[in-house]
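Asks: With the input below, show me the fold.
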Amino acid sequence: MQTFLGFLREKKIIIFGIADALLIVIGLFLSFLARFDGSFPSEYIPWFPYYALILVVLNIAFLWRARLYAFTWGFVGFSEFVKLIKATTYAHALFAIFVFIYWDRLVFLSGFPRSVIVISYLFDIIFLGTLRISKRFILEFISSRAAMKRGAATIIVGAGTEGEQILRFMKRDASFKIVGIVDNDARKKKSQIHGVTVLGAIRDIPAITEKFSVTRAIIAIPAGDTDLIRDAVTHSRDAGITDIKIIPTAHELLTGKVTIADIRDVRIEDLLGRAPAKIDTHEISDFIRGKTVLVTGAAGSIGSEIVRQCIAFEPKKLYLLDFNESGLFDLEQELAIAAPQSKKFTQSVIANITHKEKIDKIFLDMRPNVVFHAAAYKHVPLMEDHPEEAILTNVIGTMNLGNASIAAGTEKFVIISTDKAIRPLSVMGKSKRAAELVGKALNEKNGTKFVAVRFGNVIGSRGSVIPLFQEQIRKRSPITVTHPDMTRYFMTIPEAALLVMEAGAVGNGGEVFMLDMGQPVKILDVARTLIRLAGLTPDVDIPIVFTGVRPGEKIEEIVFSEEEKRVGTTQWDKIFVTKNESTFDAERVLTLTEALRHIIEKNHEETRKDLDEFIA
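Replies: Numbers count the residues shown, from 1 in each chain. Predicted structure coming up:
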């Protein structure tokens, strides 16, 4: 049996060619019967083989030209059907022309009924189309029958393009038993997609789950509809569905298509986000392509993502600067697999940004056109205990890099800042505000353009509360939240990296760029959401305890200070630029910065006092 099936696979083209020929002949015969009310006139019988031969040759020739013998028969779709119609149209049109030209010149064409050509054309589309779709129909019928017996009862959330794409693939997988679709568009209710009915809205998930014993939900909603995604997850959890999957955003953005392989578990960023900024990367490409780019803090979460994004824009040279040699090694290994072409233009540099002489030499040797400054200390509690380190790295380090950039003729210098730099209470926030002021002071005196970028908590970055919560959940230990009313803004690492690159592309110097980050999110809600994502119940399976606000922490973060205002938008959606209206003494800032180089000699109280004086 296997030998016979192998023979059929090897001779597939010949077998389907013969099948097409037989169907064309049958279609022509039936056309005569249809034309003459069920009878076949005797005067056409002797010439029928000639008619059939001409039509067979023409049809198969055009089918071959359309490559309709060179595709996978189990995956035939609309495009193949369009090709089939075109091929049969050309074949019958050519046959009709032949008949009309030789109507009275060739004996066997004399009196040929022209309506037979049209009827035969319709029969050929039906017969040849049915032949090609038959294998897919049989496979889907078998898999759907198997799914009804063995598959997990599944609902799809979203009846849009994403839902249609994923449904098409899932119907071929026996592990899925699709019982229905839910969508908030009332006009789609009771309509069908690939034979599956839209049963109701997202709020109806509990009732649908009870009726059909649903155990799995697939969320096929565009990434920007975070409110809908949250509703879908909430109603699914309330209905007792524990297996909740979602289509990943990255794949949708890059390809516009989704498959079963792309389905993954719901992540916290799917629920915390807001509609991501719509980004036109053409100007970023013009800004990066062919330039020498240097990224500080390249081994960190933000710095490494900037590196990944830069590679896609093909810089002339990309330097990865960090003092964390293990982190740089890991990044090199990752890039060797994910972007092997980058080896030609990337180079790691081990250096500490507080070492002025080393930084000066590096910049004069490498002469970067663009610098993305992501190196910083950012853990609030630790910096309260070590304020001198925050100043040396975040302030003096920025000064060292800025002066080195000016000496090397750098065009743009982008400082990664934080929303904690606005009306700062913590040492970390104050040091980042001081770094912004250093950039502004250097910008006003020299040719290099300095800009800063502020954003809130970056999901998954080092210092973010989310990895801590996830580790506590993994260990089944209590989740520690400092205050029940503590709120923060959140964004994803890729979005933060693109925002940084946008600032470099559009900044004219002196600006602080912001992202409209939507509404702040309660940290307590984040903790509860993470517990539910793990399939557990807050305060039942895992308790939440409040530890008190730590030194330097604020209950709420803000993204604009009272002295700042929005002075305009960039060309990208939800990206704003601010400038400080208060009087600014660049010489004072630079003088104070140089004085801070001796901060290591002072005690913590003196250090904090000097920092407060700096940003006053």
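Asks: alpha carbons only for contacts and neighbour counts from here, please
Replies: OK.
Asks: domains for this protein, by residue range?
Replies: If you go by automatic domain parsing, the domain ranges for the chain are 2-140, 151-266, 282-462+490-517+560-615.
Asks: Tabulate the ones you listed (JSON lines), appending mean pLDDT and mean neighbour count.
Replies: Below are those laid out as JSON lines (pLDDT from 0 to 100; neighbours: other C-alpha atoms under 10 Å):
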{"stretch": "domain 2-140", "mean pLDDT": "79", "mean neighbour count": "16"}
{"stretch": "domain 151-266", "mean pLDDT": "80", "mean neighbour count": "19"}
{"stretch": "domain 282-462+490-517+560-615", "mean pLDDT": "85", "mean neighbour count": "20"}
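Asks: Now render these as a markdown table, adding distance to Thr547.
Replies: Below are these laid out as a markdown table (distance: least, C-alpha to C-alpha, whole Å):
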| stretch | distance to Thr547 |
| --- | --- |
| domain 2-140 | 56 |
| domain 151-266 | 28 |
| domain 282-462+490-517+560-615 | 13 |
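Asks: Gly535: which of those is closest?
Replies: In terms of C-alpha to C-alpha, the element of the domains of the chain nearest to Gly535 is domain 151-266, at 6.2 Å.
Asks: ok, which stretches of the stretch 151-300 of the chain are helices?
Replies: 161-170, 205-212, 226-238, 249-255, 268-272, 282-288 (DSSP state H, counting those that start in this stretch).
Asks: So which of those helices is nearest Tyr377?
Replies: helix 268-272 (23.9 Å).
Asks: other SSEs contacting the closest one?
Replies: helix 226-238, strand 490-492, helix 523-533 (3 or more C-alpha pairs under 8 Å, 6 or more residues apart in numbering; DSSP states H and E).
Asks: Which of these sits closest to Phe513?
Replies: The closest of the helices and strands packed on helix 268-272 to Phe513 is strand 490-492. By C-alpha to C-alpha, the value is 14.8 Å.
Asks: following that closest one, which helix or strand comes up?
Replies: Following strand 490-492 in sequence order, the next helix or strand is helix 493-506 (DSSP states H and E).
Asks: Figure out which of the domains of the chain is closest to Arg550.
Replies: Closest to Arg550 of the domains of the chain is domain 282-462+490-517+560-615 (C-alpha to C-alpha; 6.9 Å).
Asks: Could you tell me the end-to-end distance of the closest one?
Replies: Terminal residues of domain 282-462+490-517+560-615 are spaced 37 Å apart (C-alpha to C-alpha, to the nearest Å).
Asks: Let me see the contact set for Ala390.
Replies: Going by C-alpha atoms under 8 Å, 6 or more residues apart in numbering, Ala390 touches Ala376, Tyr377, Met383, Val427, Met428, Ser431.
Asks: again with Gly160
Replies: By C-alpha under 8 Å, 6+ apart, the neighbours of Gly160 are Ala220, Ile221.
Asks: can you rerun that using 10 Å?
Replies: Listed by C-alpha atoms under 10 Å, 6 or more residues apart in numbering, the contact partners of Gly160 are Asp183, Asp185, Lys188, Ile193, Ala220, Ile221, Pro222.
Asks: and it, how far is that from Arg203?
Replies: Relative to Arg203, Gly160 is positioned 17 Å away (C-alpha to C-alpha).
Asks: ok, back up a step: and the contacts of Gly160, which is closest to Ser464?
Replies: Nearest to Ser464 among these is Pro222, at 25.5 Å by C-alpha to C-alpha.
Asks: May I ask you to confirm that the closest one is in contact with Ala159?
Replies: No. Pro222 lies out of contact with Ala159 (C-alpha atoms under 10 Å); the separation is 11.0 Å.
Asks: okay, the contacts of Ala390 in a markdown table with secondary structure and distance to Leu53 next?
Replies: Shown next, in a markdown table, are the contacts of Ala390 (DSSP: H, G, I helix; E, B strand; the rest coil; distance: C-alpha to C-alpha, whole Å):
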| residue | secondary structure | distance to Leu53 |
| --- | --- | --- |
| Ala376 | coil | 80 |
| Tyr377 | coil | 82 |
| Met383 | helix | 88 |
| Val427 | helix | 89 |
| Met428 | helix | 85 |
| Ser431 | helix | 87 |
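Asks: what's stretch 543-553 in contact with?
Replies: Outside stretch 543-553, the residues that reach it (C-alpha under 10 Å, 6+ apart) are 380-385, 420, 424-430, 473, 476-484, 486, 524, 527-528, 531, 537-539, 555.
Asks: Just confirm Ala435 contacts Ile391, I think it does.
Replies: Yes. Between Ala435 and Ile391 there is a contact under C-alpha under 10 Å: 9.1 Å.
Asks: Between these two, which contacts overlap?
Replies: Contacts common to Ala435 and Ile391, judged by C-alpha under 10 Å, 6+ apart, are Gly397, Thr398, Thr593.
Asks: export those to a markdown table and tack on secondary structure and distance to Leu271?
Replies: Below are those laid out as a markdown table (three-state DSSP; distance: C-alpha to C-alpha, whole Å):
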| residue | secondary structure | distance to Leu271 |
| --- | --- | --- |
| Gly397 | helix | 36 |
| Thr398 | helix | 35 |
| Thr593 | helix | 42 |
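Asks: From these, pick the one nearest Arg67.
Replies: Lowest distance from Arg67 to the shared contacts of Ala435 and Ile391 (C-alpha to C-alpha) belongs to Thr398, with 61.7 Å.
Asks: which residues touch the nearest residue to the closest one once chain neighbours are set aside?
Replies: In space, and not counting its chain neighbours, Thr398 is closest to Ala435: 6.2 Å by C-alpha to C-alpha, 6 or more residues apart in numbering. Ala435 is in contact with 391, 393-399, 415-417, 421, 429, 441, 452, 593, 615, counting by C-alpha under 10 Å, 6+ apart.
Asks: With Ser39 instead?
Replies: Ser39 neighbours (C-alpha under 10 Å, 6+ apart): Leu30, Phe32, Leu33.
Asks: if we go to 8 Å?
Replies: Ser39 makes contact with Phe32, Leu33, according to C-alpha under 8 Å, 6+ apart.
Asks: Secondary structure element for it, which one?
Replies: Ser39 belongs to no helix or strand when elements are defined using DSSP H and E.
Asks: Any chance of the backbone angles for it?
Replies: Per-residue torsions, Ser39: phi -120, psi 160 (degrees, to the nearest 10).
Asks: measure it to Ser120 for me?
Replies: For Ser39, the distance to Ser120 equals 16 Å [C-alpha to C-alpha].
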